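J.: A structural model of the following input is requested.
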Amino acid sequence: MTVNLSTPTVVEREARRYIGIHAVVTMETIDSVIQELVREVLDRPQIVAAGSGAPLVRYDVIDMERELAIQVGVPVAAELPGDGRAVGGVLPAGRYLTATHTGPYDRLEEATGAFRDWASQHGHVFDMHLGDRGEVWGCRLEHYVTDPVAQPDSSRWETVLEFRLHD
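T.: Take a look at the predicted model:
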């Protein structure tokens with residue numbers, strides 16, 4: 001079975017506000033934690049009211065063998081005060097490589113590998129460096145465009161991959 005990934009494109013983004021919840025996960029716990037935190041974020045009426053896009057996961061540090069530091073949240077139209085658990089942040093401006101994966105979430109790791117391979121083959125360098133805890137990303141995002149409740153057919157789920165490029 002092949003990965004259903006659109007042809008990546010480079011887009012220029014302005015800085016964007018978001019609000020999210022930080023978590024440290026492993027590859028074994030990531031799926032359940034993301035589902036739980038998306039529900040938690042979307043259960044906050046002030047966030048839903050200010051939301052300006054699909055739920056997202058921002059990957060800050062990745063060590064696939066040990067742990068991943070992530071944030072699960074949503075873009076917001078205006079700055080929101082955090083509540084101690086959900087905190088505001090800014091997705092940095094810059095050039096991003098983006099593509100859409102269509103299919104179930106359990107194929108995202110494979111889709112991300114294909115995305116990274118494509119970027120490498122086309123001379124794109126991501127805003128990422130190796131640190132003591134793994135890959136440290138300037139801004140690496142997954143946007144969950146499709147609501148699985150509204151669209152139960154996982155073969156039609158869309159996830160936008162958006163990784164900032166190194167300038």
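J.: chain center to the lowest-mean-pLDDT helix or strand in the chain, what's the gap?
T.: Least confident helix or strand of the chain, by mean pLDDT, DSSP states H and E, is helix 45-50 with a mean of 80. What separates the centre of helix 45-50 from the centre of its chain is 20 Å, taken as CA atoms, centre = their mean, to the nearest Å.
J.: Going C-terminal from that helix, what's the next secondary structure element?
T.: Next helix or strand after helix 45-50 toward the C-terminus (DSSP states H and E): strand 56-62.
J.: Residues touching that following strand, excluding its own?
T.: The contact list for strand 56-62, computed with CB atoms under 8 Å, 6 or more residues apart in numbering, reads 18, 20, 34, 68-75, 89, 91, 131, 133-137, 139-144. Heads up, the C-betas are built off the backbone N, CA and C, glycines and all.
J.: That one: partners in the sheet, and parallel or antiparallel?
T.: Strand 56-62 sits in its sheet next to strand 68-75 (antiparallel), strand 134-144 (antiparallel), going by DSSP bridges.
J.: Sketch out the strands for the protein, chain order is fine.
T.: Here the chain has its strands, by DSSP state E, at 9-13, 16-25, 56-62, 68-75, 86-91, 94-102, 128-131, 134-144, 158-164.
J.: The fifth one: which residues count as buried?
T.: It refers to strand 86-91. Residues 86-87, 89, 91 are the ones in strand 86-91 that count as buried (16 or more other CB atoms under 10 Å).
J.: so where's this structure shaky on pLDDT?
T.: Within the chain, the segments meeting pLDDT under 70 span 1.
J.: try it again with 50
T.: For the chain, applying pLDDT under 50 flags no range at all.
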